[in-house]
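In: Please find the sequence and the predicted model below.
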Amino acid sequence: MNGDWRKNASHRLSSRLVQAAFLAIVLLVWFLATTKWGVSRILLPNPVNVWHQLVDIVASGAFIPDLRVTLGELAVAFAISMSLGVTIGHLISRSRYWIRVFEPLFAAIYAIPIILFLPLYVLLLGLGPASKIALGATISFFPIVLSTIVGFGHVDRRLLTAARSMGANNIQMFWYVLLPAALPVILAGLRLGFTVALLSVIASETIASFAGLGHHIVDLAENMDTARMFAYIVVVIAIVAFLNAVVSKIEGRARWR
Amino acid sequence: MASAQPAIRVNGVSHQFGEPGEARHVQALLDTSLDVARGELLCLIGPSGCGKSTLLGIMGGLFAPTTGTVAIAGTPVRGPMPRDLAFVFQESALFPWNTVLENVVLGMTFQGVAKAERGPRARRALEAVGLLDFAEHYPAQLSGGMRQRAALARALSLETDILLMDEPFGALDEQTRMVLGEDLSVLLSRSNKTIVFVTHSLGEAVFLADRVAVFSARPGTIKQIIPVDEPHPRKPSFMTAPKFHALRDQLYGLLHDEIRKAISESAQPRRRYGQAGAAETDGGHA
């Protein structure tokens, strides 16, 4: 037991080292490509320039208005898909018949690239935040509703029987048996939904929009300000990594398996 | 103290899954009648698929029989009766997200025990099964035998007159099963509960039971009832006594032909088992 643990820890340490080395090599190749191998600075900016731009963006807070737009869209989109997905998923899970009807249907729709609906949403809702919210909500609805159906629909029947034999009423059954049993699966779906909502909001900003981080990145690319564009990409990556860490943390806390 | 009235009366109970003619149709129980006296431990034994677990579920009001009636202390069963009887299932059916103590307390919450009473009663029940030191453990942290003790504690804490046990030690190894059987015998000799215990272990049946009801192969019905005249608590030495072996052999003689029948039947329409299971659990959770 103890030896296993120690082996795991050293295993983890060495894999961390390899990861760090990999990133260092990528940075080095990047640096050499721009300084020694003559790769065009418009296509690939010098990492030092990117770093200066990054410092400027962070220090001046220039990214904050765009960030506010993007996070606002994300929050509304996720709130819509979460409340609709969990509610509809729970209602469907209450009947085997509805599960049989809707689970394959939603799974099939989930498999098509919903971003194809963006032109339609832009046509209907305009270039503002509404079309991004609609797309983000649509895309993230499916993993959430599917995981809710699976979570509630596949609760161990022995637990339901046991609770019923001890006299649990419907409300107690929901709070003490169904919800805790389904929660880990639902939270996994919510995390996935959150990630795809974030991706689709940023992606749709790059395609057709007036504001937001995605919009700003495309703007900089069109002005050939690639060093600043790269710096913005780094900002977005940092924000996404932070949000994902927060969501994973929340998910991990509710896990009992 | 109307001792004339049985704790459980099963009267002409038949049960089928699905309708005749359907592929999933299974006649699980056929015209079974049985009285369980107050304070006795009755074992139901029989080949797999003979309907003994089905009968236990019907006794506990988990599902209604196709025909026939069950009465608990004279009251007809029409659904779960959490105040009169408690179940212990084969796989402990503990809630994995709750600790052992929380599991026991939750059972009493469902049953409707006053809040202040739940904690002390849970502790008493855990002490009785020797699990008080593991009250804060989660089921996954316990061995199979300890999980079954916890499930037993949950059932005991409900303080019902009747305990229905569906192969409670079925998933355990032989040694653990024997030790738990001894503990159960000691526990029961003090509690004066009425117990119906489904098992497929001949030794377990003889060791625990006051009477053993032997089922025929499907469609199951009671073939014979064998009394085991030996006071509780029973000691391990009972297992080596000539009487124990004579009874065990008698049971085996009764079961042998039925088991052969059950095996040869299950070899052909195999899918009926899966279908029967599906029929049993169909219908959504709400």
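Out: Great, that's in hand.
In: From here on, just use CA atoms for contacts and neighbour counts.
Out: Noted.
In: per-residue confidence at B:S266?
Out: The confidence metric pLDDT takes the value 67 at B:S266.
In: I should have written B:G51 there, sorry.
Out: What the model reports for B:G51 is a pLDDT of 84.
In: go on, A:I133?
Out: pLDDT, the model's per-residue confidence, is 93 for A:I133.
In: Tell me how many other residues surround it.
Out: Residue crowding around A:I133 was assessed by other Cα atoms under 10 Å in any protein chain shown; the count is 28.
In: now A:V101
Out: By the criterion of other Cα under 10 Å, A:V101 has 12 neighbours.
In: what about the most centrally placed residue in chain A, which SS state?
Out: Central residue of chain A (Cα atoms, centre = their mean): A:T195, 0.8 Å from the mean position. Assigned state for A:T195: helix (three-state reduction, DSSP: H, G, I helix; E, B strand; the rest coil).
In: ok, for it, nearest residue in space, not its chain neighbours?
Out: A:N244 (7.4 Å; Cα to Cα, 6 or more residues apart in numbering or on different chains).
In: Tell me if I'm right that the one you found and A:A197 touch.
Out: No - with contact taken as Cα atoms under 8 Å, A:N244 and A:A197 are classed as non-touching, separated by 11.9 Å.
In: Can you pick out the residue with more neighbours from the two?
Out: Legend: neighbour count by other Cα under 10 Å for A:N244 and A:A197, higher for A:A197 (28 against 17).
In: That one and A:A79 touch, don't they?
Out: No - A:A197 is beyond contact range of A:A79, at 10.4 Å (criterion: Cα under 8 Å).
In: B:N11 contacts B:G68, correct?
Out: Yes - contact between B:N11 and B:G68 holds when scored by Cα under 8 Å: they sit 5.7 Å apart.
In: hey, what's in contact with both of these two?
Out: In the contact map built from Cα atoms under 8 Å, 6 or more residues apart in numbering or on different chains, the residues linked to both B:N11 and B:G68 are B:D31.
In: near chain B, which residues of the stretch 1-150 of chain A?
Out: Proximity of the stretch 1-150 of chain A to chain B, by Cα under 8 Å from any Cα of the partner chain, involves residues A:S93, A:R94, A:S95, A:R96.
In: can we see that at 6 Å?
Out: In this structure, the stretch 1-150 of chain A approaches chain B at residues A:R94, A:S95, A:R96, judged by Cα under 6 Å from any Cα of the partner chain.
In: Tell me the secondary structure at B:A171.
Out: In three-state terms, and counting by three-state DSSP, B:A171 is coil.
In: residues near it, how many?
Out: The number of residues packed near B:A171 is 14, by other Cα under 10 Å.
In: quick one on the thing from earlier: so how far is chain B from the residue nearest to A:T195?
Out: In this structure, A:N244 lies at 25 Å from chain B, with Cα to the nearest Cα, to the nearest Å as the measure.
In: so which strand or helix has that residue?
Out: Using DSSP states H and E, A:N244 maps to helix A:226-253.
In: Now do that helix: distance to the chain's middle.
Out: On the basis of Cα atoms, centre = their mean, to the nearest Å, helix A:226-253 is displaced by 10 Å from the centre of the chain it belongs to.
In: other SSEs contacting that helix?
Out: With contacts taken as 3 or more Cα pairs under 6 Å, 6 or more residues apart in numbering or on different chains; DSSP states H and E, helix A:226-253 sits against helix A:47-60.
In: The helix it packs on - contacts with which helices or strands?
Out: Applying 3+ Cα pairs under 6 Å, 6+ apart, we find helix A:47-60 packed against helix A:226-253.
In: Next, the angle from the helix it packs on to helix A:47-60.
Out: In terms of direction (axes from the mean of the first three to the mean of the last three Cα atoms, to 10 degrees), helix A:226-253 departs from helix A:47-60 by 70 degrees.
In: Let me know the pLDDT of residue 105.
Out: Chain wasn't specified; assuming chain A. Among the per-residue scores, A:L105 holds a pLDDT of 92.
In: Chain B is the one I meant
Out: Taken from the predicted model, the pLDDT recorded for B:V105 is 95.
In: Quick one: neighbours of A:L198, just the number.
Out: For A:L198, which is what you asked about, the neighbour count (other Cα under 10 Å) is 25.
In: check which helix or strand covers it.
Out: According to DSSP H and E, A:L198 maps onto helix A:179-207.
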